[in-house]
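A.B. asks: Test case, fold it:
(chains A and B)
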Amino acid sequence: AQTVTQSQPEMSVQEAETVTLSCTYDTSESNYYLFWYKQPPSRQMILVIRQEAYKQQNATENRFSVNFQKAAKSFSLKISDSQLGDTAMYFCAFMKQSSTLTFGKGTMLLVSP
Amino acid sequence: NAGVTQTPKFQVLKTGQSMTLQCAQDMNHNSMYWYRQDPGMGLRLIYYSASEGTTDKGEVPNGYNVSRLNKREFSLRLESAAPSQTSVYFCASSEALIGRFHEQYFGPGTRLTVT
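C.D. replies: From the prediction side, this is the model:
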């Protein structure tokens, strides 16, 4: 079974600064997908960014980028120019092909003025 | 476009009562999922339906049953609620489970409290 570990239960950052959230995973698969989901206080789950394991290039979506280290089984999320609206719970998730999502326990990010 | 809808949004039950959580999607998706979210635990898969007419157990199926009523609707039933089932329940759907990646779209969640 796959496991996803987020070692930082809580993090805080000031507005306009950069923050990195950590995620490691364990799998014997060679082809899989990795995701970061954001859950703001509204409770809605929002897909932030995804990475396909066979792609070496790190995914980027505006202020959000990932550092994907396949050999180390590491998938960190970098948020640049943090905004108050980035305050949320962030979940790292793993999916092997033709299977279901496995989530980490989440990291609560607080962005302060 | 409503996406994934869930009813009710909140519910309080007494131990031993039964109830059904409803989920519907209007995106013509083949696959649907039920998750529960507990503090410090992330989201855990309860049951899923890869396609109409099929259902499979996820990580935490005990105490729950599901019905894929048609392509649009996937319900979750608690036959005899227990305090351990106090949680936030999310329904999700995706175009398919098999093959290449298909994004899962989540509903707004149902907060269930069992006293």
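A.B. asks: make it CA atoms for all contacts and neighbour counts henceforth
C.D. replies: Will do.
A.B. asks: and the host helix or strand of A:Phe75, what does it pack onto?
C.D. replies: Here A:Phe75 is covered by strand A:74-79, with elements defined by DSSP states H and E. Other elements packing on strand A:74-79 under the criterion 3 or more Cα pairs under 8 Å, 6 or more residues apart in numbering or on different chains; DSSP states H and E are strand A:19-21, strand A:24-26, strand A:64-69.
A.B. asks: got the contact list for the last one?
C.D. replies: Translated: strand A:64-69. A:48-49, A:51, A:56, A:58-60, A:74-80 (Cα atoms under 8 Å, 6 or more residues apart in numbering or on different chains).
A.B. asks: So which residues on chain B come close to chain A?
C.D. replies: With Cα under 8 Å from any Cα of the partner chain as the criterion, chain B comes near chain A at residues B:40-45, B:97-101, B:106-109.
A.B. asks: Now for those residues: which two are most distant?
C.D. replies: Longest distance between any two of these is 31.4 Å, between B:Gly40 and B:Gly99; criterion Cα to Cα.
A.B. asks: ok, how many other residues are close to residue 14?
C.D. replies: In the absence of a named chain, this looks at chain A. For A:Gln14, the count of nearby residues is 15 (other Cα atoms under 10 Å in any protein chain shown).
A.B. asks: right idea, wrong chain: chain B
C.D. replies: By other Cα under 10 Å, the residues close to B:Lys14 number 13.
A.B. asks: From A:Val19, how far out is the closest residue in space to it that isn't next to it in sequence?
C.D. replies: Across the structure, with Cα to Cα, 6 or more residues apart in numbering or on different chains as the measure, the residue nearest B:Lys14 apart from its sequence neighbours is B:Thr115 (5.0 Å). Applying Cα to Cα, to the nearest Å, the value for B:Thr115 to A:Val19 is 40 Å.
A.B. asks: Who has more neighbours out of the two?
C.D. replies: Comparing B:Thr115 with A:Val19 by neighbour count (other Cα under 10 Å), the higher total belongs to A:Val19, at 17 against 14.
A.B. asks: partner residues bridging the more buried one?
C.D. replies: According to DSSP bridges, A:Ile79 are recorded as the beta-bridge partners of A:Val19.
A.B. asks: For the most centrally placed residue in chain B, which three-state class applies?
C.D. replies: By Cα atoms, centre = their mean, chain B has its centre lying nearest to B:Trp34, at 2.6 Å. State at B:Trp34, reduced to three classes by DSSP: H, G, I helix; E, B strand; the rest coil: strand.
A.B. asks: Identify the residues contacting the closest residue to it other than its chain neighbours.
C.D. replies: Computed as Cα to Cα, 6+ apart, the closest residue to B:Trp34 that is not its neighbour in sequence is B:Cys91, at 4.6 Å. The contact partners of B:Cys91, by Cα under 8 Å, 6+ apart, come to B:Val4, B:Gln6, B:Cys23, B:Met32, B:Tyr33, B:Trp34, B:Tyr35, B:Phe106, B:Gly107, B:Gly109.
A.B. asks: List just the nearest of the residues you listed to A:Arg43.
C.D. replies: Distance ranking of those against A:Arg43, using Cα to Cα, places B:Gly109 first at 7.2 Å.
A.B. asks: so which helix or strand takes in the nearest residue to B:Phe10 once chain neighbours are set aside?
C.D. replies: On the basis of Cα to Cα, 6+ apart, the spatially nearest residue to B:Phe10 that is not a chain neighbour turns out to be B:Arg111, at 4.8 Å. Using DSSP H and E, B:Arg111 sits within strand B:110-114.
A.B. asks: Packing partners of that strand?
C.D. replies: Counting contacts by 3+ Cα pairs under 8 Å, 6+ apart, strand B:110-114 packs against strand B:10-13, strand B:87-94.
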